[in-house]
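[1] Turn this into a model:
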Amino acid sequence: MNATIPDGQMNVLEKCYIDIPSLSITLKMQSLPDISDGKGAQYGDETSIGRSTPFKTYQNSDNRTIGWTAHYMVTQEKDIPLLFSYIRAVQAAVYPFDSKDSNLGGNVAGNGGAPYAPPPVCKLQCGDLLSKVGPINAVLKSYSIKFDPSVPWDEKTYLPYKFDLDLSFDVIYNQSDLPGANRIFNDSSL
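    Next comes the predicted model:
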């Protein structure tokens with residue numbers, strides 16, 4: 001696959017994106033992002049008389065965390081407002097909805113009367129890297145934007161023509177559809 005189309009514009013990866021449905025925006029990747037995928041498990045030690053080592057008892061699993069660094073480049077003037085919308089969407093995705101945001105997907109009334117609703121749920125997809133059956137649901141825990149001063153920038157907005165979005169997600173699951181080792185290994189679905 002070519003990184004650019006014939007006129008020199010970036011070739012967007014159609015199956016590599018971060019969708020934020022409640023904000024009605026999908027961040028499409030111009031190049032393969034740096035992705036890390038990790039999860040841990042906790043085991044307790046149980047001792048018994050006459051054993052040289054303790055038994056290991058499974059206690060629980062940790063969160064599945066996804067690190068995602070998206071790389072963006074401005075290749076034409078119309079990219080600037082689009083990329084700013086990506087930046088603002090990422091910034092918004094770590095804030096809760098409040099009563100004024102209910103038209104954006106914040107279900108304030110269904111939140112026990114609290115004046116806010118949790119931040120938006122994101123859908124992550126990058127080919128088959130994270131899931132073979134489609135996007136996974138995740139919440140954005142943190143973001144960091146690196147604006148590189150060593151590249152040219154837009155003189156009106158000061159947006160550098162190249163920047164990176166470093167994102168950290170926790171994967172969330174439907175309570176009735178929790179993954180297990182057999183399902184993950186055999187189905188290759190998560």
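
[2] Give me the longest strand you can find in this protein.
    Residue-count comparison of every strand in the chain, with assignments taken from DSSP state E, identifies strand 136-147 as the longest.

[3] For the residue most central in space within the chain, list the residues it contacts.
    Centroid check for the chain by Cα atoms, centre = their mean gives residue 169 as the closest residue, at 4.9 Å. For residue 169, the contact set (Cβ atoms under 8 Å, 6 or more residues apart in numbering) comprises 65-68, 122, 124, 138-141. Using the backbone N, CA and C atoms, a C-beta is placed for each residue, glycine as well.

[4] Isn't residue 45 up against residue 51?
    No. Using Cβ atoms under 8 Å, residue 45 and residue 51 do not qualify as a contacting pair, with a distance of 10.6 Å.

[5] Kindly indicate whether the most far-flung residue of the chain relative to its centre is helix, strand or coil.
    Here the chain has its C-alpha centre computed as a mean, and the residue farthest from that point, by Cα atoms, centre = their mean, is residue 50 with 48.4 Å. Residue 50 falls in the coil class when you classify it by DSSP: H, G, I helix; E, B strand; the rest coil.

[6] Could you export the lengthiest helix in the chain as CSV, CA atoms only?
    Among the elements of the chain assigned as helix by DSSP state H, the one spanning the most residues is helix 79-92. Below are the C-alpha coordinates for helix 79-92, written out as CSV (Å, rounded to 0.1, in the frame of the first residue of the first chain):
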residue,chain,number,x,y,z
ASP,A,79,-6.4,19.6,6.8
ILE,A,80,-6.0,22.3,9.4
PRO,A,81,-9.7,22.5,10.6
LEU,A,82,-10.0,18.7,10.4
LEU,A,83,-7.0,18.1,12.5
PHE,A,84,-8.0,20.7,15.0
SER,A,85,-11.4,18.9,15.3
TYR,A,86,-9.4,15.7,16.1
ILE,A,87,-7.4,17.6,18.8
ARG,A,88,-10.6,19.0,20.4
ALA,A,89,-12.3,15.6,20.2
VAL,A,90,-9.5,13.9,22.1
GLN,A,91,-9.4,16.7,24.7
ALA,A,92,-13.2,16.4,25.2
